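> Provide a 3D model corresponding to the input given below.
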Amino acid sequence: FIFPIIKKINFSFPNKEIKITLLGESNVGKTCISRNYIGLNFTEPMNTIGAQFHDLEIDINGEKNKISIWDTSGSKDYNSLIEIFVRNSDIIYIVFDINKRSSFEALDFWFKQVLDKHSSLLKKTYLIGNKCDLERKVSLEEVEEYAFNKKVRYFEVSAKMNIGMDDIKMNNFWEILLEY
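Here you go, the predicted structure:
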């Protein structure tokens, strides 16, 4: 069920290893976000079976850092595995499709998966609205209020058009510098 994609192979040991896990309903663009994050081109959406992970090595201030991005299936068939994927995560992205209201309405379920057993991750959980290049079905005000109530930062992106992706990457790189 877990298929690795290695962006860069390097046999030296990284100074820091960061695990980012993406959660959300099926077809909200988690795979496209994870592929974009490591610099792969957009591909037509595909359903993830179980999970796949991508490794990325980055150099920050002369230090090697490894980021593992875990792209999980949004299928209810794999809900029992969410606990395994979230375990040992440093950062959580909860992703929804801004032009698919049902994915926004399912956010409480995904937040519950993180907070019930991993409340310490709340400060490292981000709400990601994907597909901002398409017609909006969920208002920005509604999403911002939701994020405020959950006490999480909100980012809007289009993994396909590479809009906003640099914002979440830079946010995570600063976290690596300041926290880890």
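> For the rest of this, base every contact and every neighbour count on C-alpha atoms.
Noted.
> neighbours around Asn149, how many?
Using other CA atoms under 10 Å, Asn149 has 9 neighbouring residues.
> any idea which element it lies in?
Using DSSP states H and E, Asn149 sits in helix 140-150.
> what is the rounded mean pLDDT of that helix?
The average pLDDT within helix 140-150 is 96.
> Also stretch 87-99?
The pLDDT scores in stretch 87-99 average 91.
> Dump the helix holding Asn149 to PDB, restricted to CA.
The C-alpha coordinates for helix 140-150 follow below in PDB (Å, rounded to 0.1, in the frame of the first residue of the first chain):
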ATOM      1  CA  LEU A 140     -13.000  32.700   1.500                       C
ATOM      2  CA  GLU A 141     -14.700  34.200   4.500                       C
ATOM      3  CA  GLU A 142     -16.200  30.900   5.400                       C
ATOM      4  CA  VAL A 143     -12.900  29.100   5.200                       C
ATOM      5  CA  GLU A 144     -11.000  31.900   7.100                       C
ATOM      6  CA  GLU A 145     -13.600  31.700   9.900                       C
ATOM      7  CA  TYR A 146     -13.200  27.900  10.000                       C
ATOM      8  CA  ALA A 147      -9.400  28.100  10.200                       C
ATOM      9  CA  PHE A 148      -9.700  30.800  12.900                       C
ATOM     10  CA  ASN A 149     -12.000  28.600  15.000                       C
ATOM     11  CA  LYS A 150      -9.700  25.600  14.600                       C
END
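> residues of the helix or strand following it that come out buried?
Using DSSP H and E, the helix or strand that follows helix 140-150 in sequence is strand 153-156. The neighbour-count check on strand 153-156 (16 or more other CA atoms under 10 Å) flags 154-156 as buried.
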